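>>> model this:
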Amino acid sequence: MTSTTTQPRLTQDGILFSVTVESVRRNCVVTRDALQTLSQLKSMDDAGGGLLGIFHAYEAKISGVARRLVGARVAGNPLLMNKATFSAPHTD
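Reported below is the predicted structural model:
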């Protein structure tokens, strides 16, 4: 079973939230630059709902990525999700 287990909150680094994957609860931070990058996908600005508004607009995507990273046992406490986390892989 997977779920988001705490209410997201604004921190100096971005938005802190947690997910639980197979009984493992992990705190995660999606950084401000990652949220800004995501907001550009829909031409959103952070004036309307701020960073929390952007987080909620993309919560399913952000939580899904976090759950996959936790499931893959990516290290970090909290698990840091930055701009590169949401960028498409570059191939040469």
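
>>> for R73, the count of nearby residues, please.
The number of residues packed near R73 is 8, by other CB atoms under 10 Å. For glycine as for every other residue, the C-beta is placed from the backbone atoms N, C-alpha and C.

>>> err, L35, not the other one
Neighbourhood size, L35 [other CB under 10 Å]: 26.

>>> that one in helix, strand or coil?
helix (DSSP: H, G, I helix; E, B strand; the rest coil).

>>> excluding covalently adjacent residues, which one is nearest to it?
I54 (4.6 Å; CB to CB, 6 or more residues apart in numbering).

>>> so where's this structure uncertain?
Across the chain, the ranges flagged by pLDDT under 70 are 1-6, 42-48, 88-92.

>>> do a quick rundown of the strands in it.
Along the chain, the stretches classed as strands by DSSP state E are 2-4, 9-10, 14-21, 24-31, 79-81.

>>> nearest to Y58, out of the ones you listed?
Y58 sits nearest to strand 24-31 of all the strands of the chain, at 8.6 Å, using CB to CB.

>>> mind listing what that closest one pairs with, with the direction of each?
Strand partners for strand 24-31, identified by DSSP bridges, are recorded as strand 14-21 (antiparallel), strand 79-81 (parallel).

>>> sorry, back to before: from what I can see the residue nearest to L35 touches L38, true?
Yes. I54 sits in contact with L38 when judged by CB atoms under 8 Å, with a separation of 6.3 Å.

>>> what about these two, which has more around it?
I54 (25 against 19).

>>> how far away is that one from R73?
28 Å (CB to CB, to the nearest Å).

>>> scan the protein for its longest helix.
What stands out as the longest helix in the chain, according to DSSP state H, is helix 59-71.

>>> quick one: buried residues of that one?
Buried residues in helix 59-71, counted by 16 or more other CB atoms under 10 Å: 59, 62-63, 65-67, 69-70.
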